[in-house]
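1. Need a 3D model of the following:
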Amino acid sequence: PPPICIACMNCEVCKPASQFLSLKDYRELSIIKTKLSYDSESQSWTAQYPFLKDPSVLNDNYAAALKALERRESKLLKDEKLKVLYDEQVNDFVERGVISKMTDSELDCWNGPVRYVDHHEVFKEGSTTPLRIVINSSFRHGNELSFNDILMKGPNVLTSLYEILLRWRLYPVAFVGDVSKMYHNVKTGELEGNLRRLLWRNCDQSRAPDVYGFNVVTFGDRPAGCIAVSALKSTADLFSSVSEKAAHVLKEDSYMDDVVSGSNSMSEAESLSDDIQVIASKGGFKFKTFQFSKPSIEGHEVVASEKVLGVGWKPIEDTVHVRVDLNHNKRTKGLRKHPVAIDDIPFTRRICLRLVNGIFDPLGLFSPVVVRLKILMKQHFVESDKYKKWDELLSEEDRSEWIKILKDVMLLDGFDIPRHCVNAFYPTKDAPGKYMLICFSDASGNAMCASIYIRYETVCGVVSVGLLTSKTRVSPSKVLTMPRLELLSLIHI
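-> All right, here's what the predicted structure looks like:
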């Protein structure tokens, strides 16, 4: 049952059972799951959106949508290349059945509520699809309600990214799978289509725009993430008879559209990935490809480097690395200007925070270096009153200190660490040998840290040890005794 009081929310017994859901989240998740229906003939899911209010409260915003389209067209007409890419994406939506053109008779016969959504382009560097169209379901004019305003969001049903990566580091053979068009694999009904109408005419302003309706769940709809993940996990539950292990991986080792797992051998990993694809296909989910570590068998696609939940991975060498991107420029629609040299960065409180947060190291493998930046942030912007304004330039002395540490951080770029942290099979109760987790923690006046190692001893007595994860945190501004700080370092891991 979900927690319904403060005692249950803080109870270590109730927490895992409730998956940290509040009563509100539990009710919304139950409604979302109830409104999911499975069609065995087409092998697909159809979702009815969970409404907080009756959709009839929404206004027909055709005039506002038309003005938004005209603004979009004026921008596209100035850039022919952008216009072509945009039109290709709209045509791709039509070909894949994401949207369908509504006829005059369909528009006239519909007596229910009507709502139009806005759309715009987003760029993704290094992707096979450099331009993507994003739907703005929160589009509104003035104080009127938007489509998203009357929808339930649902809880975060994703498995912890940190837990997935920890398990992934323990497999001798790892693999990563990517679900194609995750959101678009779940269909929606006629009501949802009319509440998400879209205007488009290929920038031909001499005629009235065509009206399209969405047939599937789209990124930008408030409950889209919860619906898509719930549909995938429900598929795993329905078809667990194919393979209990594959169904478990789909539920516990998937993060949105990525499946990150592994096995003890290449043959087992291949068999497991095949079963995962079979189960997922029965729910309408198709995988683009599976990438295996150290691919040595013909037919495997070889990728030099890729990102796994934000962590850099080289499958051929089977190593992980952190990508240090010291770009102080703000991201606009997925793109940034090219970074400048560290000496030329205009250091301010805002830019320093952006640089520190730009280093993504969830496993803490490079925390001894990254923690120096956190300490510097605390010294300059928390303990000191020198820089109260976010865009005030740092003094030359403080600026030099930042440049010195950032140049040390840049040495991490390209530094590799083995993904498989210990030379052993995945630790289970039936695995041979002895496994042990060893935790070290310490604290100082500047920071607290803790690291966890895994130790494996074979039946012959051969010992292997590897770093599994670590965490660092700057010490509180409030002065505490050293014993208390050392206790805090244990708690925060």
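2. all contacts plus neighbour counts: C-alpha atoms, from now on.
-> Noted.
3. where does the stretch 51-200 of the chain have low pLDDT?
-> Low-confidence segments of the stretch 51-200 of the chain (pLDDT under 70): 125-129.
4. can you map out the strands along it?
-> 99-101, 118-123, 131-136, 173-179, 186-188, 197-200 (DSSP state E, counting those that start in this stretch).
5. Next, work out how far apart residue 222 and residue 340 are.
-> Distance of residue 222 to residue 340, computed by C-alpha to C-alpha, to the nearest Å: 37 Å.
6. do the same with residue 58
-> For residue 58 relative to residue 340 (C-alpha to C-alpha), the value is 47 Å.
7. Comparing those two, which shows the higher neighbour count?
-> Higher neighbour count among residue 58 and residue 340: residue 58, with 18 against 13, using other C-alpha atoms under 10 Å.
8. wait, the more buried one sits on residue 145?
-> Yes - here residue 58 reaches residue 145: they are 6.3 Å apart, a contact under C-alpha atoms under 8 Å.
9. Let's verify residue 439: helix, strand, or coil?
-> What DSSP: H, G, I helix; E, B strand; the rest coil gives for residue 439 is strand.
10. Based on its surroundings, how many neighbours for the nearest residue to it once chain neighbours are set aside?
-> In this structure, residue 439 finds its nearest non-sequential neighbour in residue 452, 4.4 Å apart by C-alpha to C-alpha, 6 or more residues apart in numbering. Look at residue 452: counted by other C-alpha under 10 Å, it has 17 neighbours.
11. just use 226 as the starting number from now, easier for me
-> Noted, 226 is the first residue going forward, which turns the last one into residue 677.
12. State whether residue 677 and residue 646 are indeed in contact, as I suppose.
-> No - using C-alpha under 8 Å, residue 677 is not in contact with residue 646, being 11.3 Å away.
13. Residues that sit against both of these two, list them.
-> 692-693 (C-alpha atoms under 8 Å, 6 or more residues apart in numbering).
14. Distance to residue 618 and mean neighbour count added to the strands of the stretch 276-425 of the chain, as JSON lines?
-> Listed next are the strands of the stretch 276-425 of the chain as JSON lines, based on distance: least, C-alpha to C-alpha, whole Å; neighbours: other C-alpha atoms under 10 Å:
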{"stretch": "strand 324-326", "distance to residue 618": "49", "mean neighbour count": "19"}
{"stretch": "strand 343-348", "distance to residue 618": "31", "mean neighbour count": "17"}
{"stretch": "strand 356-361", "distance to residue 618": "35", "mean neighbour count": "17"}
{"stretch": "strand 398-404", "distance to residue 618": "43", "mean neighbour count": "22"}
{"stretch": "strand 411-413", "distance to residue 618": "49", "mean neighbour count": "23"}
{"stretch": "strand 422-425", "distance to residue 618": "45", "mean neighbour count": "22"}
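15. mind listing what residue 667 touches?
-> Residue 667 makes contact with 673-675, 711, 714 under the criterion C-alpha under 8 Å, 6+ apart.
16. which secondary structure elements does the helix or strand where residue 681 lies contact?
-> For residue 681, the host element (DSSP states H and E) is strand 672-682. Applying 3 or more C-alpha pairs under 8 Å, 6 or more residues apart in numbering; DSSP states H and E, we find strand 672-682 packed against strand 659-668, strand 688-699, helix 707-716.
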